[in-house]
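*Asks:* Please find the sequence and the predicted model below.
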Amino acid sequence: MLKGHVFKEQIFGHQIFALFINTFLNGKNGVSNNYKNGMQVTYSGNTLTIQSGAVCIQGRFLEEDTSTDIVAGTDVSYCKLVIEIDLDKQNTETQLSQASYKIVKSTSGYPKLTQNDIVKNNAGVYQYELARFRTNSNGITNFLDMRTFLDFDSIYDTIQTQFQSVLDELEEELASVEDGSAYILKNNIAIIKGNFTLNPSSSGSFVDTSKEINLPNGFTYQNCSLISFGSTINQELGYSYDRGVDDALSLYQGAFPKLAVINNQNKISIKVYNKMNDSPTYYYKIILYKE
């Protein structure tokens, strides 16, 4: 006996659940590969036997709980064994009328199946092919298994792998982005992190290096203030927030003389003064407040 799941008056009775399952499976149909006998189809003479198993068709589950025999006939035909869902029919609490096995036939070639959008319309007919074959006076010939399979374990593993990959990528970007990108917190606070290379000094006097950074979206020179400007040339030591002093330890911690100004071009102008004869990478972190 064919039992219905996600059908009116049956075990599940709501089309929205079918929509969810169909969306989750990206519109794919198929037999569960690890449930009972996987709805395997065998034949003898002119009789087909559908073994036990479960299938999901356009978000609706059907279960073959034991097995079902169908007589194919002895006429000369091209045939497809299908499960047909017809949502225009009405179920009862004891009878599933909206789904059935059917053999679709043609004398000129394998027939085209009816596959309406029963998810969007919650109406119409959708046929899912289990097998195709030919019939004649001797019975069934040229039999082909046409089942597709849904490996739910692999689907979950794939989703989990893809999610973890995206999460790892986001964590890596958040940890390493140093290109002037901004992170906006609570709509009115933005953190901008970045880096650039300082110009070296050949004489021991201060040499400046300038850089301009775009304000993040929604922030303008008229509505925001620069409330913090941290810097370092050694990320293991963290950021220095003073204006810069002229001693070796302070410079090593990134306390270079510096200036940051929001100009009327909606940019932050940074100027950093270096008196060392090398060109360190200068890391900065700027915090903005928007009124």
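*Replies:* Cool, the structure landed. Residues are numbered from 1 along each chain as shown.

*Asks:* For the helix or strand hosting residue 83, C-alpha coordinates in PDB please.
*Replies:* Under the criterion of DSSP states H and E, residue 83 resides in strand 77-86. What follows is strand 77-86, C-alpha atoms only, in PDB (Å, rounded to 0.1, in the frame of the first residue of the first chain):
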ATOM      1  CA  SER A  77       4.100   0.000 -26.200                       C
ATOM      2  CA  TYR A  78       6.800   2.200 -24.900                       C
ATOM      3  CA  CYS A  79       6.200   2.600 -21.200                       C
ATOM      4  CA  LYS A  80       7.200   4.600 -18.100                       C
ATOM      5  CA  LEU A  81       6.400   3.500 -14.600                       C
ATOM      6  CA  VAL A  82       5.700   6.700 -12.600                       C
ATOM      7  CA  ILE A  83       4.500   7.900  -9.300                       C
ATOM      8  CA  GLU A  84       1.800  10.500 -10.100                       C
ATOM      9  CA  ILE A  85       0.900  13.200  -7.700                       C
ATOM     10  CA  ASP A  86      -2.400  14.900  -8.500                       C
END
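
*Asks:* Which parts of this protein belong to which domain?
*Replies:* Segmentation of the chain into domains, based on automatic domain parsing, reads 2-152, 177-290.

*Asks:* got those as JSON lines, with mean pLDDT columns?
*Replies:* Below are the domains of the chain laid out as JSON lines (pLDDT from 0 to 100):
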{"stretch": "domain 2-152", "mean pLDDT": "90"}
{"stretch": "domain 177-290", "mean pLDDT": "81"}
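
*Asks:* Residue 160 is nearest to which of those?
*Replies:* domain 2-152 (12.5 Å; Cβ to Cβ). Quick note: C-beta positions are derived from backbone N, CA and C, even for glycine.

*Asks:* can you give me the offset of the closest one from its chain's centre?
*Replies:* 29 Å (Cα atoms, centre = their mean, to the nearest Å).

*Asks:* circling back to that earlier point, make TSV out of the domains of the chain and add mean neighbour count and distance to residue 160.
*Replies:* Shown next, in TSV, are the domains of the chain (neighbours: other Cβ atoms under 10 Å; distance: least, Cβ to Cβ, whole Å):
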stretch	mean neighbour count	distance to residue 160
domain 2-152	16	12
domain 177-290	15	26
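
*Asks:* would you turn the ones you listed into CSV with distance to residue 161?
*Replies:* Shown next, in CSV, are the domains of the chain (distance: least, Cβ to Cβ, whole Å):
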stretch, distance to residue 161
domain 2-152, 14
domain 177-290, 24
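
*Asks:* got a list of contacts for stretch 261-273?
*Replies:* With contacts defined as Cβ atoms under 8 Å, 6 or more residues apart in numbering, stretch 261-273 is touched by 192, 198, 206-215, 219-221, 224-226, 231, 244, 256-260, 282, 284, 286.

*Asks:* cutoff 10 Å now
*Replies:* Contacting residues not belonging to stretch 261-273 are listed as 180, 192, 194, 196, 198-199, 201, 205-216, 219-222, 224-226, 229, 231, 244, 246, 254, 256-260, 282, 284, 286, 288 [Cβ atoms under 10 Å, 6 or more residues apart in numbering].

*Asks:* Output it in CSV, but only the C-alpha positions, please.
*Replies:* Extracted in CSV, the C-alpha atoms of stretch 261-273 (Å, rounded to 0.1, in the frame of the first residue of the first chain):
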residue,chain,number,x,y,z
VAL,A,261,41.8,64.5,10.1
ILE,A,262,38.4,64.1,8.5
ASN,A,263,38.3,66.4,5.5
ASN,A,264,35.3,67.7,3.5
GLN,A,265,35.8,65.1,0.8
ASN,A,266,34.5,62.5,3.2
LYS,A,267,37.9,61.0,3.6
ILE,A,268,40.3,60.6,6.6
SER,A,269,43.7,62.1,5.9
ILE,A,270,46.5,60.4,7.9
LYS,A,271,50.0,61.7,8.2
VAL,A,272,52.7,59.7,10.1
TYR,A,273,56.3,60.9,10.8
